[in-house]
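Student: Dropping a prediction and its sequence here:
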Amino acid sequence: MVLVFDVAAELAMFRKSYTTTSQVSYPFPPPTAIAGLLAAVTGIGHDAGNGCKNAAYWREMAGTRVALGLRNPVRWLSTTVNLIKYKNPNGNMGEHIQSKHQLVKKPHYRIYVSGGGMYAEIKRRLEKREFIFTPYLGVAYALADIKYLGEFDEEEIADQESFVNTVIPLYEGVQPDIKKCGAVHREIVPFRLDEHRQLKDTVTVIYPEIVDREADSGPLWLKARGKLVISQVGGERVAWFERW
């Protein structure tokens, strides 16, 4: 069985780790951000009281797998934010610096969740719309609106040639059909952290160019799926990230 829910906001910002003051965003939540969102929904703590780098909720993620679809075109908003130089050695808290920020405008994503020990609790919280911590998209000021769509049966697709309605992780043997896909974008995203927020794995993904706000995500066409797991979930074909 698969849980499906939509998440949307006015803005989102999933900062790329190599950026510092000038912050650049991924166009969608990478798997690590989805893990944080699920932890917020279910109320799993990160144990930061015993260490600011702790992310204890990753222990609970074992066995869970997720997939992600884009429901709106990716639109960017570039702006500057005034920051206080609170480490000024002269103690002048009135001195500011301007930081460039890249934000995702009107983001809308569809998230699929399957398996793992958290499944029942995620389902219960989504059904009741009772979220323990406030869900947001990347930064605290990007408050997220979550809409639960339901629980669906899953049927694995065995065909090597297939289409997919979600972001596709490029695992071994995956061959996109670029001619059928048209415009395709590529990113390297963080996939998994350890319990001290150290990066353990990344994954290369491709995602479609969406030009119509009413269009579904995709489809993206594959010549071969290789080791990628694809499932029919409701009326959509979903490409899964591997289990955490």
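Tutor: Received the coordinates, thanks.
Student: how distant is the strand or helix carrying residue 232 from the center of its chain?
Tutor: Applying DSSP states H and E as the criterion places residue 232 in strand 230-233. Computed by Cα atoms, centre = their mean, to the nearest Å, the chain-centroid distance of strand 230-233 equals 18 Å.
Student: Repeat that for stretch 118-129.
Tutor: Counting by Cα atoms, centre = their mean, stretch 118-129 comes out at 18 Å from the chain centroid.
Student: By neighbour count, which bits of that stretch are buried? Give me those.
Tutor: 118-119, 121-123, 125-126 (16 or more other Cβ atoms under 10 Å). For every residue, glycine as well, the C-beta is placed using N, CA and C.
Student: what is the rounded mean pLDDT of stretch 136-149?
Tutor: Averaging pLDDT along stretch 136-149 gives 94.
Student: residue ranges of the helices in this structure, please?
Tutor: 31-42, 119-128, 178-181 (DSSP state H).
Student: closest one to residue 134 among those?
Tutor: When these are ranked by proximity to residue 134, the top entry is helix 31-42, at 6.9 Å, counting by Cβ to Cβ.
Student: which strands and helices sit next to the closest one?
Tutor: strand 65-70, strand 108-114, helix 119-128, strand 184-193 (3 or more Cβ pairs under 8 Å, 6 or more residues apart in numbering; DSSP states H and E).
Student: try 10 Å
Tutor: Applying 3 or more Cβ pairs under 10 Å, 6 or more residues apart in numbering; DSSP states H and E, we find helix 31-42 packed against strand 2-8, strand 14-15, strand 65-70, strand 108-114, helix 119-128, strand 145-152, strand 184-193, strand 199-208.
Student: Quick one: distance of that helix to the chain centre.
Tutor: Using Cα atoms, centre = their mean, the offset of helix 31-42 from its chain centre is 9 Å.
Student: export it as PDB, just CAs?
Tutor: The C-alpha atoms that make up helix 31-42 are tabulated as PDB, following Å, rounded to 0.1, in the frame of the first residue of the first chain:
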ATOM      1  CA  PRO A  31      14.700  12.900  -0.200                       C
ATOM      2  CA  THR A  32      16.500  14.300   2.900                       C
ATOM      3  CA  ALA A  33      13.900  17.200   3.100                       C
ATOM      4  CA  ILE A  34      11.000  14.700   2.600                       C
ATOM      5  CA  ALA A  35      12.400  12.700   5.600                       C
ATOM      6  CA  GLY A  36      12.300  15.900   7.700                       C
ATOM      7  CA  LEU A  37       8.800  16.600   6.600                       C
ATOM      8  CA  LEU A  38       7.700  13.100   7.600                       C
ATOM      9  CA  ALA A  39       9.400  13.400  10.900                       C
ATOM     10  CA  ALA A  40       7.500  16.700  11.500                       C
ATOM     11  CA  VAL A  41       4.200  15.200  10.600                       C
ATOM     12  CA  THR A  42       4.700  12.300  13.000                       C
END
